[in-house]
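**Student:** Got a predicted model here, sequence first, then my questions.
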Amino acid sequence: MAQQVQEFDVVVVGGGAVGENAADRAGRTGLSVAVVEHALVGGECSYWACMPSKALLRPGTALAAARAVPGAAAAVTGTVDVGAAFARRDEVTHHWDDGSQVGWLDGVGITLLRGSARFTGPRALTVVHDGGTTDVVARHAVVLATGSEPVVPPVLADVRPWSSRDATSAQQVPARLAILGGGVVGVEMATAFADFGSEVTLLVRGDRLLAGAEPFAGELVADALRAAGVDVRFGTEVKAATRDGDGVHLDLGTGGRLDVTEVLAATGRRPRTSDVGLETIGLTPGKPTEVDDALCVTGVQDGWLFAVGDVSGRTATTHQGKYDARVAGDVVAHRFGPDGDADAERDAAPWSRFRASADKAAVPQVVFSRPEVAWVGRTEAAARDAGIDVQVLDYKLEDIAGATVLSPEYEGRGRLVVDRARGVVVGATFAGPDVAELLHAATVAVVGEVPLDRLWHAVPSYPTLSEVWLRFLEAAGL
């Protein structure tokens with residue numbers, strides 16, 4: 001007997017936070033939607049990235065904040081309770097049980113197909129699962145939301161290094177931990193495991209941390225990590241690695257030998273496209289799926305394939321991926337849905353709900369290190385590279401009354417990058433305790449292209465860190 005084919009109007013491949021958003025929006029004008037997920041519904045962010053990592057970082061951050069405040073410092077007599085921190089992490093991840101997420105899909109009428117999907121042709125996929133295979137056809141659109149996967153340096157291939165998943169789901173603290181990479185994962189996990197008592201060595205090939213941010217942000221984080229006992233080494237490369245019963249042994253060339261209990265590879269991620277059958281639809285496996293601002297894949301005819309999140313190569317954060325998913329889902333819903341407005345979608349302009357305009361130069365990012373680092377838009381260097389005549393406005397956050405209230409030892413820095421010709425903010429960076437909550441105001445300013453003379457009328461409450469906006473505007477001569 002021929003195998004029955006399941007048909008849906010829209011099939012979303014990948015049930016992480018990004019895929020969930022795309023599926024939800026795609027079904028809002030009457031289209032039937034299925035989500036294919038091979039692991040846990042909710043994906044990387046919910047179980048192995050954003051949520052568990054922040055749960056692991058929070059105890060050390062809270063202790064550090066208390067120790068910095070006279071009147072509270074004396075009450076802090078211990079260190080992080082690792083067992084309690086792990087237990088809280090397990091609660092945040094629902095003990096790696098996706099029952100509540102599956103219930104949400106059921107509640108909004110989205111069909112879940114468990115298994116791994118591969119294209120077999122245009123709009124056609126095979127889903128491989130424990131019980132065999134299921135053929136699936138999308139009548140109108142497929143949304144690819146398969147995310148990304150960690151890159152393991154070849155030199156570590158034979159020593160079974162930790163990935164970010166291993167670090168965020170760890171049940172034991174290694175006595176000595178080496179971390180390769182000075183990006184977000186490397187910095188955050190160095191912070192967390194130093195809090196847990198591990199002897200951490202952070203190995204960075206380049207000359208600074210957080211290369212995507214303003215240089216001063218990485219400098220502040222490096223200083224803080226060293227103060228916390230982390231051995232931060234720049235210009236360092238692993239030449240060879242072996243593992244035995246005593247742990248992992250790293251040959252650093254002229255840097256000598258480093259013996260550790262575990263090594264974490266935090267050297268980047270790549271789009272997860274190598275095993276989804278892209279070759280059957282004219283695309284190259286292992287490469288990002290390039291998209292236009294409607295998130296429609298440009299290399300596929302007839303406009304049926306969309307890609308959102310890390311898989312497209314244009315975004316690398318959950319929140320920006322979810323933004324892309326909302327856009328793509330709305331495009332699909334209105335382009336193909338019986339109750340959609342196809343004319344409005346077709347004629348959509350930049351910054352409408354049907355075009356992911358913010359991906360170009362308005363992407364926000366927060367690193368929950370100590371100090372926190374938050375930025376949006378262009379750095380000074382990126383703005384100059386784009387040919388913008390910039391005015392750079394810097395301010396020491398410790399000179400703000402709100403910082404003084406937080407701690408007499410507060411140290412931080414803020415920067416606005418201003419397009420001098422238009423008088424609007426094109427980038428902002430903050431580094432310091434509790435600066436993450438400053439970022440959305442900066443994001444609004446960048447996305448809205450709010451003129452500085454209008455921002456002058458946005459009065460910051462006193463005494464808060466947001467008073468830095470007044471100081472920025474004073475530095476601009478307003």
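**Tutor:** Yep, that arrived. Residues are numbered from 1 along each chain as shown.
**Student:** hmm, who's touching stretch 157-166?
**Tutor:** 44, 48-49, 53, 150, 152, 170, 180, 185, 189, 241-243, 248, 262-266 (CB atoms under 8 Å, 6 or more residues apart in numbering). Every C-beta, even on glycine, is put in place using the N, C-alpha and C of the backbone.
**Student:** let me redo that: stretch 204-216
**Tutor:** 181-184, 186-187, 217-219, 221-222, 232-237, 365, 367, 373, 375, 379-380, 413, 415, 429, 431.
**Student:** again, only this time at 7 Å
**Tutor:** 182-183, 187, 217-218, 221-222, 233-237, 367, 373, 375, 379-380, 413, 415, 429, 431 (CB atoms under 7 Å, 6 or more residues apart in numbering).
**Student:** just the helices in the stretch 51-200 of the chain please.
**Tutor:** Ranges of helices in the stretch 51-200 of the chain, per DSSP state H, counting those that start in this stretch, are 82-92, 99-107, 164-168, 184-195.
**Student:** Report the mean per-residue pLDDT for the strand ranked longest in the chain.
**Tutor:** Identified as the longest strand of the chain according to DSSP state E is strand 132-144. Computed over strand 132-144, the mean pLDDT rounds to 96.
**Student:** same check, this time on stretch 283-303
**Tutor:** For stretch 283-303, the per-residue pLDDT averages 95.
**Student:** How about stretch 331-350?
**Tutor:** 96.
**Student:** Determine how far the last residue of that stretch lies from the first.
**Tutor:** 13 Å (CA to CA, to the nearest Å).
**Student:** for it, which positions count as buried?
**Tutor:** 331-337, 340, 345, 348 (16 or more other CB atoms under 10 Å).
**Student:** contacts for that stretch?
**Tutor:** By CB under 7 Å, 6+ apart, stretch 331-350 touches 9-10, 25-26, 28-31, 140-141, 143, 293-295, 306, 354-355, 357.
**Student:** Give me the neighbour count for Arg454.
**Tutor:** 12 (other CB atoms under 10 Å).
**Student:** Same check on Phe306?
**Tutor:** 31.
**Student:** distance of it from Gly83?
**Tutor:** 44 Å (CB to CB, to the nearest Å).
**Student:** Just give me the neighbour total for Phe234.
**Tutor:** Considering only other CB under 10 Å, Phe234 is surrounded by 14 other residues.
**Student:** nope, Ala442 is what I was after
**Tutor:** 25.
**Student:** Quick check: it touching Ala428?
**Tutor:** Yes. The pair Ala442 / Ala428 is scored as a contact, 3.6 Å apart, by CB atoms under 7 Å.
**Student:** Now do the shared contacts for these two.
**Tutor:** Val376.
**Student:** before we move on, back to that, among the contacts of stretch 331-350, which are in strands?
**Tutor:** Counting by DSSP E, the part of these found in strands is 9-10, 140-141, 143, 306.
**Student:** Point out where this protein drops to low pLDDT.
**Tutor:** 1-3 (pLDDT under 70).
**Student:** Mind doing that once more with 50?
**Tutor:** 1-2 (pLDDT under 50).
**Student:** residue closest to the middle of it?
**Tutor:** Centroid-nearest residue in the chain: Thr317, 2.6 Å away (criterion: CA atoms, centre = their mean).
**Student:** which one is it nearest to, not counting chain neighbours?
**Tutor:** Nearest residue to Thr317, sequence neighbours excluded (CB to CB, 6 or more residues apart in numbering): Gln365, at 6.1 Å.
**Student:** now do Ala356
**Tutor:** Per CB to CB, 6+ apart, closest to Ala356 is Val327, 4.5 Å.
**Student:** and the one you found, what does it touch?
**Tutor:** Taking CB under 7 Å, 6+ apart, one finds 295, 353-356 in contact with Val327.
**Student:** Just the buried residues from the residues you listed, in PyMOL please.
**Tutor:** Selecting only the buried entries of the contacts of Val327 in PyMOL, with 16+ other CB under 10 Å as the criterion:
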select buried, resi 295+354+355+356
